[in-house]
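Chemist: curious how this folds, go ahead:
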Amino acid sequence: MKTRRFDWAGPAVTAAAIRSWAAALSEPVAVDRIYEEVVERRREQNAGRADEEALLELTNRFDSTERPRRTLAVERELADFALAELDGELRGALKLAAANVRAVAEAQLGEEKEVDLPQGQAVSLREVPVAAAGVYAPGGRAAYPSSVLMCAIPARVASVGRVALASPPGPDGELNPLVLAAAALAGVDEIYAIGGAQAIFALAYGTRAFDPVDVIAGPGNAWVREAKRMVSGAVGIDSLAGPSELMLVAGHDTDPRWAALDLCAQAEHGAESPLVAVAVEEQVLEAIAAAVVEAAGSRPSVADAPLALVQVPEVEAAIDLANAYAPEHLELLEEDAALQAERATTAGCVFVGRHGATAFGDYVAGSNHVLPTGGAGRFSGPLGPGAFRRRIANVRIGAPAARELAPATDALARAEGFPVHGESAMIRR
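Modeler: Numbers count the residues shown, from 1 in each chain. I've put the predicted structure just below:
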């Protein structure tokens, strides 16, 4: 791995120093202009040609198909068949993951609230699901059934009426059976073998073969991310998540082999996944660095990701740094992890204690693996049912409340230059 070393040199731990260090760790990955240009061309192709024919041409050109597909739609019955045919151990693991993700998602549903105000009116807040959700699951030469579960189950828990899945076909022109099995478990209604930017545009704007959705969720490569940015506003999106991130805070009793495997596991996501190991003791960082070199060298799936080794003067500074950096995943592997976890406020997901590997959260812990990256944890959180629901305010105003509220409404409306607003209120007095 490409390792950088940071040692605390300042005389004191200050907020300015923490921000400076976080900025140094955050070298953002630049998205080449070519992504935007090529994605824009695909959008024009989608909009200007006979729907399914154009989409099939793009799918067969850009996805991993060696056997061209004739239709985008995948029969829903194939998903049930794929689930039934799975190896028993794998099917059990998929069901465990689905059950845990569903339980955590259900716990996030909000309750309707009504507020009675002194003037006599009442305002109630209620949540309603969007009509249709689109789920994008990466695919092609690899399968990501976990992403299907993480996106489709919260949509179902949110009571979305229609859930459509898009995922690129493999070399044989078909979707991977694991993806289909996950779709069956999650209760997906419609399945389409289409990937990349064109899949996002198809979900957002619809085709002659299927209707558009209201919200699109799911991870993807730079092409997918750019397409989601372009359609944001026409539909809702979950986030513009970038490469996977892990910050690990190690203590004197942290097993360096465990820490190394946690870091290498996230490096499997690619060479653009930033990794950070933080510790007070220099020997702890040295042991982790040596273990990472050994583990990565014997595991071909581990990419040459950037690893930053950060020595801090105290554990509190490590948490302050984590809050400024806002990593997607934060592992607290030192002995008082439970106490420190309460101070961690910006990470997408915090794993508490030496047994809390991020890999559990990626698959079966129940937490969602669609998380904010690039510092977005400062203002957003994990994907959940809320992404597929919207709030509506009901305002109930009777005659007594109207009499009380009209003069104030009239005064403010006239001050803003909208006198008819005031008349509209005062006529009810």
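
Chemist: now do the contacts for the residue nearest to Pro306 when sequence neighbours are not counted.
Modeler: Setting aside the residues directly before and after it, Pro306 is nearest to Lys2 in space (Cβ to Cβ, 6 or more residues apart in numbering), at 4.7 Å. Yep, even glycine has a C-beta here, placed from its N, CA and C like the rest. Contacts for Lys2 (Cβ atoms under 8 Å, 6 or more residues apart in numbering) come out as Asp304, Ala305, Pro306, Leu307.

Chemist: from the residues you listed, list just the buried residues.
Modeler: Neighbour counting with 16 or more other Cβ atoms under 10 Å marks Ala305, Pro306, Leu307 as buried within these.

Chemist: switch these over to TSV; also include secondary structure and distance to Ala197.
Modeler: Compiled in TSV, these are given as follows (DSSP: H, G, I helix; E, B strand; the rest coil; distance: Cβ to Cβ, whole Å):
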residue	secondary structure	distance to Ala197
Ala305	coil	25
Pro306	strand	27
Leu307	strand	31
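
Chemist: okay if I get the residues you listed as JSON lines plus pLDDT and distance to Gly170?
Modeler: Putting the buried ones among the contacts of Lys2 into JSON lines (pLDDT from 0 to 100; distance: Cβ to Cβ, whole Å) gives the following:
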{"residue": "Ala305", "pLDDT": "91", "distance to Gly170": "26"}
{"residue": "Pro306", "pLDDT": "92", "distance to Gly170": "30"}
{"residue": "Leu307", "pLDDT": "94", "distance to Gly170": "32"}
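
Chemist: closest to Gly366 out of these?
Modeler: Ala305 (26.5 Å; Cβ to Cβ).

Chemist: contacts only, for that closest one.
Modeler: Met1, Lys2, Gln266, Ala267, His269, Gly270, Ala271, Glu272, Ser273, Pro274, Leu275.

Chemist: surely Ile216 is within a strand?
Modeler: Yes. Assessed with DSSP: H, G, I helix; E, B strand; the rest coil, Ile216 lies in a strand.

Chemist: and it, what's its pLDDT?
Modeler: With respect to pLDDT, Ile216 scores 97.

Chemist: quick one on the thing from earlier: quick one: which of the buried ones among the contacts of Lys2 is nearest Cys349?
Modeler: Ala305 (18.7 Å).

Chemist: now do Pro274 against Val115, distance only.
Modeler: Per Cβ to Cβ, to the nearest Å, Pro274 is found 44 Å from Val115.

Chemist: which of those two has more residues huddled nearby?
Modeler: Counting neighbours by other Cβ atoms under 10 Å for Pro274 and for Val115 shows that Pro274 has the greater number, 26 against 9.

Chemist: and Ala376, how far from Met230?
Modeler: Taken as Cβ to Cβ, the span from Ala376 to Met230 is 18 Å.

Chemist: and if you look at Trp21?
Modeler: Counting by Cβ to Cβ, the gap from Trp21 to Met230 is 34 Å.

Chemist: more neighbours: these two, which one.
Modeler: A count of neighbours by other Cβ under 10 Å puts Trp21 above the other of Trp21 and Met230, at 23 against 18.

Chemist: now do the same end-to-end measure for stretch 370-377.
Modeler: End-to-end distance of stretch 370-377 (Cα to Cα, to the nearest Å): 12 Å.

Chemist: how far does it sit from its chain's centre?
Modeler: 7 Å (Cα atoms, centre = their mean, to the nearest Å).

Chemist: who's in contact with it?
Modeler: With Cβ under 8 Å, 6+ apart as the criterion, stretch 370-377 contacts 26, 28, 147, 150-151, 217-219, 238-245, 325-329, 346-349, 380-383.

Chemist: sitting in helices, which of the residues you listed do you find?
Modeler: Those of those mapping onto helices are Ser147, Met150, Cys151, Tyr325, per DSSP state H.

Chemist: farthest-separated two in these?
Modeler: Checking the ones in helices among the contacts of stretch 370-377 with Cβ to Cβ, the most distant pair is Cys151 and Tyr325, at 26.0 Å.

Chemist: returning to what we had before: how about the contacts of Lys2 in JSON lines, adding distance to Pro129?
Modeler: What follows is the contacts of Lys2, written out as JSON lines (distance: Cβ to Cβ, whole Å):
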{"residue": "Asp304", "distance to Pro129": "43"}
{"residue": "Ala305", "distance to Pro129": "38"}
{"residue": "Pro306", "distance to Pro129": "40"}
{"residue": "Leu307", "distance to Pro129": "42"}
